[in-house]
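# Kindly generate the corresponding structure for this input.
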Amino acid sequence: MRGRDGGTVSGRVDLRVLELLCSKLCHDLISPVGAINNGVELVREFDGNMDGDVLDLIDASARLASRRLDFFRLAFGAGGSAGDRIGAGQAHDVAAGIFADSKATLIWPDAAETGQDWAKEPARLLLNCILLALEALPRGGTVRVDTPPGEGRLSARITADGTRAELKPEVRQALTENIDPAALAAHNVHAYFARRLGRRIGAALRIGDDTAESVTFTLTVP
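Down below sits the predicted model:
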């Protein structure tokens with residue numbers, strides 16, 4: 001199907017999703033990058049004589065920006081890992097990076113012990129679900145990931161537990177329904193991306209009914 005501008009409808013949808021994803025990534029990176037810039041300005045102001053607090057600010061902000069970039073590159077990008085498979089240990093380490101400055105804690109007891117690895121796209125979908133679980137905890141809590149052995153197939157249960165845990169209606173809609181891309185925004189476009197990625201690889205993604213304290217995702221990739 002072609003639109004008035006001569007481009008396909010799917011092409012326009014993909015462009016809007018790309019624009020919104022870029023907006024989200026920039027939003028999530030601007031804080032640590034801005035803090036690094038502030039630290040550098042302080043160094044210049046005092047002619048390179050830095051005290052420990054300034055050094056700590058620059059170091060912590062640089063680490064945070066690097067962790068977020070590692071996560072975004074793997075979760076949203078086509079690259080980010082050597083080969084076509086991602087080990088559970090690597091996925092855990094990348095996911096842990098986005099919890100570094102959050103109020104929530106990641107619990108993934110079998111990440112390193114089972115020696116599992118998965119095809120890249122199922123692993124990317126799992127990381128997106130972990131991000132959605134983290135964002136469902138506005139007051140902090142725990143995100144528990146259970147990935148029982150599945151002979152190379154990915155099966156996972158992601159549970160976000162915390163006070164006022166909630167998957168926002170617009171996020172749930174983007175994740176579970178056929179939503180008009182015009183209704184997307186930077187705060188729910190990654191849910192739409194996760195849904196599209198899941199459909200592409202034939203994954204079954206179910207979201208449990210929210211309670212006052214918990215949100216649960218169940219993911220199965222055939």
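# Run through who's touching the helix or strand containing Ala160.
Secondary structure from DSSP states H and E places Ala160 in strand 155-161. Around strand 155-161, the neighbours that count as contacts under Cβ atoms under 8 Å, 6 or more residues apart in numbering are 104, 126, 129-130, 133-134, 136-137, 141-148, 213-221. For glycine as for every other residue, the C-beta is placed from the backbone atoms N, C-alpha and C.
# Which parts of the chain are helices?
9-45, 52-76, 88-97, 120-135, 169-176, 189-200 (DSSP state H).
# Return the distance of the residue nearest the centre of the chain relative to Ile58.
For the chain, the residue nearest the mean C-alpha position is Leu131 (3.7 Å; Cα atoms, centre = their mean). Distance, Leu131 to Ile58, using Cβ to Cβ, to the nearest Å: 26 Å.
# Could you do Gly97 as well?
To Ile58, Gly97 is 18 Å away according to Cβ to Cβ.
# Thr211 - how many residues pack around it?
Using other Cβ atoms under 10 Å, Thr211 has 11 neighbouring residues.
# so how far is Ala119 from it?
Distance from Thr211 to Ala119, by Cβ to Cβ: 33 Å.
# Can you list the low-confidence ranges for this structure?
1-13, 47-51, 79-83, 113-114, 151, 210 (pLDDT under 70).
# my read: Arg172 touches Ile207, true?
Yes. Counting by Cβ atoms under 8 Å, Arg172 touches Ile207, with 6.6 Å between them.
# shared neighbours of the two, anything?
With Cβ under 8 Å, 6+ apart, Arg172 and Ile207 have no common neighbours.
# For beta bridges, what are the partners of Ala204?
Thr220 (DSSP bridges).
# can you tell me which residues contact it?
Shown in contact with Ala204 (Cβ under 8 Å, 6+ apart): 198, 218-222.
# What is the burial count for Thr147?
Residues near Thr147, counting by other Cβ under 10 Å, number 22.
# Contacts only, for it.
By Cβ under 8 Å, 6+ apart, the contact set of Thr147 is 88, 108, 110-111, 114, 116, 126, 154-156.
# let's see it at 7 Å
88, 110, 116, 155-156 (Cβ atoms under 7 Å, 6 or more residues apart in numbering).
# now swap in Arg85 and tell me
Contacts of Arg85 by Cβ under 7 Å, 6+ apart are 117-120.
# ok, of these, which one's closest to Ala35?
Of all these, Lys120 has the smallest distance to Ala35: 31.8 Å, by Cβ to Cβ.
# so the closest one sits right up against Ala91, yeah?
No. Using Cβ atoms under 7 Å, Lys120 is not in contact with Ala91; the gap is 10.2 Å.
# quick one, which of these two is more surrounded?
Set side by side, Lys120 and Ala91 show more neighbours around Ala91, with 26 against 18, by other Cβ under 10 Å.
# Would you quantify the distance from the more buried one to Leu127?
Ala91 is 6 Å from Leu127, by Cβ to Cβ.
# Tell me how many other residues surround the closest residue to Phe72 other than its chain neighbours.
Nearest residue to Phe72, sequence neighbours excluded (Cβ to Cβ, 6 or more residues apart in numbering): Leu25, at 5.4 Å. A count of nearby residues for Leu25, using other Cβ under 10 Å, gives 17.
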